[in-house]
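Enquirer: Here is the input, now give the coordinates:
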Amino acid sequence: MNADETGVQLYDLETDKYEVNNIAAENTKIVERLSRKVCGWYAENKNKGKMD
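Expert: You can find the predicted model right below:
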């Protein structure tokens, strides 16, 4: 996912191990939940390891 929330990709790795079929459009609730988690993780960790 890009910073502007475009470019979202979601794949079912059990049935699509080569990541050919992006299923994000038909699984919006999953995408929303995972996007919140990723954004929350990023907000908490974006400055970790940063040299002053």
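Enquirer: Flag every buried residue along stretch 15-29.
Expert: Within stretch 15-29, the residues that count as buried by 16 or more other CB atoms under 10 Å are Ala24. Heads up, the C-betas are built off the backbone N, CA and C, glycines and all.
Enquirer: can you list contacts of it?
Expert: Val8, Gln9, Leu10, Tyr11, Asp12, Leu13, Val31 (CB atoms under 8 Å, 6 or more residues apart in numbering).
Enquirer: how long is it end to end?
Expert: 20 Å (CA to CA, to the nearest Å).
Enquirer: Poorly predicted segments of this protein, please.
Expert: Counting by pLDDT under 70, the chain contains low-confidence residues at 3, 52.
Enquirer: Excluding chain neighbours, what is closest to Gln9?
Expert: The shortest distance from Gln9 to any non-neighbouring residue, by CB to CB, 6 or more residues apart in numbering, is to Asn22 (5.2 Å).
Enquirer: Helix, strand or coil: sort out Ile23 for me.
Expert: At Ile23 the chain is in coil, as set by DSSP: H, G, I helix; E, B strand; the rest coil.
Enquirer: How much space separates it from Asp12?
Expert: 6 Å (CB to CB, to the nearest Å).
Enquirer: Let's have the contacts of stretch 15-29 in a markdown table, adding distance to Gly40, secondary structure and neighbour count.
Expert: Compiled in a markdown table, the contacts of stretch 15-29 are given as follows (distance: CB to CB, whole Å; DSSP: H, G, I helix; E, B strand; the rest coil; neighbours: other CB atoms under 10 Å):
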| residue | distance to Gly40 | secondary structure | neighbour count |
| --- | --- | --- | --- |
| Val8 | 16 | coil | 16 |
| Gln9 | 19 | coil | 10 |
| Leu10 | 18 | coil | 18 |
| Tyr11 | 22 | coil | 15 |
| Asp12 | 24 | coil | 11 |
| Leu13 | 23 | coil | 8 |
| Val31 | 15 | helix | 18 |
